[in-house]
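attaching a predicted model along with its sequence, questions to come.
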Amino acid sequence: MRVVLKVRKKGVIILPKVLRETIGVDEGGEVIVEADRDKLVLRALKPRIVDVDPGIVEEFLREEYELEKKRYTRMISSGETSSRH
């Protein structure tokens, strides 16, 4: 599909509804624009949806919490306070 678009003030280009529908961009959606010599390539920016097991996330956060707890416990017991005046 080819469409002639007019570049308006400040470089604004309005994408007609048929083009937005074709690439799946709704109002407020984002596009990626790449310059390739004398042409522009527009692609819809679609976030990737990743299926993550909540149990794995919880385990990771628990491990991080324990590591930080040990770190702060060592700092306090060795007198390493960072309160400088």
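Perfect, I can see it now. Residues are numbered from 1 along each chain as shown.

now do the residue nearest to Pro16 when sequence neighbours are not counted: how many residues are near it, please.
Nearest non-adjacent residue to Pro16, counting by Cβ to Cβ, 6 or more residues apart in numbering: Val3, 6.2 Å away. The way it works is simple: take the backbone N, C-alpha and C, and place the C-beta from them, glycine included. Neighbouring residues of Val3 were enumerated by other Cβ atoms under 10 Å; the total is 9.

what do you get for Val7?
9.

the residue nearest to Pro16 contacts Thr22, correct?
No: if you go by Cβ atoms under 8 Å, Val3 and Thr22 don't touch, sitting 9.9 Å apart.

so who does the residue nearest to Pro16 touch?
Val3 makes contacts with Pro16, Val18, Leu19, as judged by Cβ atoms under 8 Å, 6 or more residues apart in numbering.

let me know the helix or strand that the spatially most central residue of the chain is in.
Nearest residue to the geometric centre of the chain (Cα atoms, centre = their mean): Pro47, 7.5 Å. Under DSSP states H and E, no helix or strand contains Pro47.

so who does it touch?
Listed by Cβ under 8 Å, 6+ apart, Pro47 has no contact partners.

starting at the chain centroid, how far to the helix ranked longest in the chain?
In the chain, with assignment by DSSP state H, the single longest helix is helix 54-77. From the chain centre to the centre of helix 54-77 is a distance of 26 Å (Cα atoms, centre = their mean, to the nearest Å).

who does Glu34 form a beta bridge with?
Listed by DSSP bridges, the beta-bridge partners for Glu34 are Val41.

does it really touch Leu45, like I thought?
No: the criterion here is Cβ under 8 Å, and Glu34 misses it with Leu45 at 11.8 Å.

over to the closest residue in space to Val25 that isn't next to it in sequence: give its phi and psi.
In space, and not counting its chain neighbours, Val25 is closest to Ala44: 4.9 Å by Cβ to Cβ, 6+ apart. Note on Ala44: backbone dihedrals following degrees, to the nearest 10 are phi -70, psi 140.

what's the neighbour count on Glu27?
When neighbours are counted by other Cβ under 10 Å, Glu27 registers 5.
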